[in-house]
Each structure stands twice: as C-alpha cells, then as structure tokens.
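Trainee: Okay, structure incoming, though there's no sequence with it:
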C-alpha cells in the first residue's frame, strides 16, 4: 500500500523505521489512550517486534506507517473481523505528539477508511476510543464517523474503570 497526499504518506512499515517509531511511541500521553497491548515504556525492541508483525502478510490486520515530511509520524491499523462481524473492520491509530492539533489525523483516518472500503469486502469501519479521549473522538467525527454508543464502565485502563465509545462509518455514507 502506498498513498501519497499533500500532507502525508501512508506506506508499509520498513525495518529502518524502528528507531523513529520507538522515539515517538515512547510517550505516556499516547500509551494512556491505547489498549494495554501498547507498551510503555516503548523500547527499540518493541518497535522492531511491531514492525515485524506489521510486515507479515496477515489477513487479520493491516498496519500502516504514517509519514510526514519524510519521517515516520505514527501508525494506523485495520483489524478485520470474522464470523457474523466479517463485514466490519476496526481501526486504531496514533500520531507523534509534535503533529497533534494540525488537522492531519482526520485526513489520515478518512484516507485509510476509503482505502479499506475500496480494497476489502467490508461495509462498516469502526473505532473504540475511550470516552475521555476527546481529541480522538473529534478526529473520528471530522473523518465522517458517528458516535453509535457510549459503553458505560466498559474498559479498565491504568486500573481505572471508564467508559468507551463506538464510532463508525458505513460504506454507503462515505
């Protein structure tokens, strides 16, 4: 996958990205808004493992590097579902703090969503941000997603029970 826009490039991960990935991902503000599988601290070994995983031809997910000005700036992933949910795909993402507030991530999410609808047999793309993560919720809204639900006391992050949201967009609506 290679998508080049005026503001960013979406591309496959490369082994040489590990040092930069470790540098941007080793940020508690990022880790606090992602699932527990995202380590903190985030080491160079964590980055190498993630890139190795991302480079696998795995039908269950697609992990894409976000590049800005020739440097890795984050990641966006698609997680394909099975069984009765097989027409759904979940997305997750993070962006280096230095790029926050610039309006980049809504464009990345919209671009990735369009790519998924055009290249996979799916009808719905969704994300599940923590309800307190207003920045991510706003990213999704700007990308055309709608809040379908707020799930009360649905997750535990850093030993705190909290709410999460389900945001989704249908293929027919994009």
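Mentor: Sure thing, it's come through. Every value quoted in this text rests on a predicted model; they were computed, and no experiment measured them.

Trainee: Now find how far off-centre the lengthiest helix in the chain is within its chain.
Mentor: The single longest helix within the chain, with elements called by DSSP state H, is helix 104-119. Using CA atoms, centre = their mean, to the nearest Å, the mean C-alpha position of helix 104-119 is found 11 Å from that of the whole chain.

Trainee: Now that helix: buried residues?
Mentor: Of all the residues in helix 104-119, those buried under the rule 16 or more other CB atoms under 10 Å are 104-117. C-beta here means a position set from N, CA and C on the backbone, and glycine is covered the same way.

Trainee: mean confidence score for the host helix or strand of residue 53?
Mentor: Using DSSP states H and E, the element containing residue 53 is helix 44-55. When pLDDT is averaged along helix 44-55, the result is 96.

Trainee: If you count contacts, what does it end up packed against?
Mentor: Packing partners of helix 44-55 (3 or more CB pairs under 8 Å, 6 or more residues apart in numbering; DSSP states H and E): helix 18-25, strand 61-68, strand 71-80.

Trainee: Include distance to residue 159, mean neighbour count and mean pLDDT when you put the ones you listed into TSV, please.
Mentor: Formatted as TSV, these follow (distance: least, CB to CB, whole Å; neighbours: other CB atoms under 10 Å; pLDDT from 0 to 100):
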stretch	distance to residue 159	mean neighbour count	mean pLDDT
helix 18-25	22	19	98
strand 61-68	28	20	96
strand 71-80	25	20	97
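
Trainee: And for stretch 70-84, what's in contact with it?
Mentor: The contact list for stretch 70-84 (CB atoms under 8 Å, 6 or more residues apart in numbering) reads 8, 10, 13, 17, 20-21, 24, 50, 54, 59-67, 86-96, 98-99, 104-105, 108-109, 112, 116, 120, 122, 125.

Trainee: Quick one: distance of it to the chain centre.
Mentor: On CA atoms, centre = their mean, the centre of stretch 70-84 falls 5 Å from that of its chain.

Trainee: which residues does the most centrally placed residue in the chain contact?
Mentor: Nearest to the geometric centre of the chain sits residue 93, at 1.8 Å (CA atoms, centre = their mean). By CB under 8 Å, 6+ apart, the residues touching residue 93 are 66, 74-77, 105, 108-109, 112.

Trainee: which two in the residues you listed are spaced the farthest apart?
Mentor: For the contacts of residue 93, the farthest-apart pair by CB to CB is 77 and 105; their separation is 13.6 Å.

Trainee: Right, I'll call it a day here.
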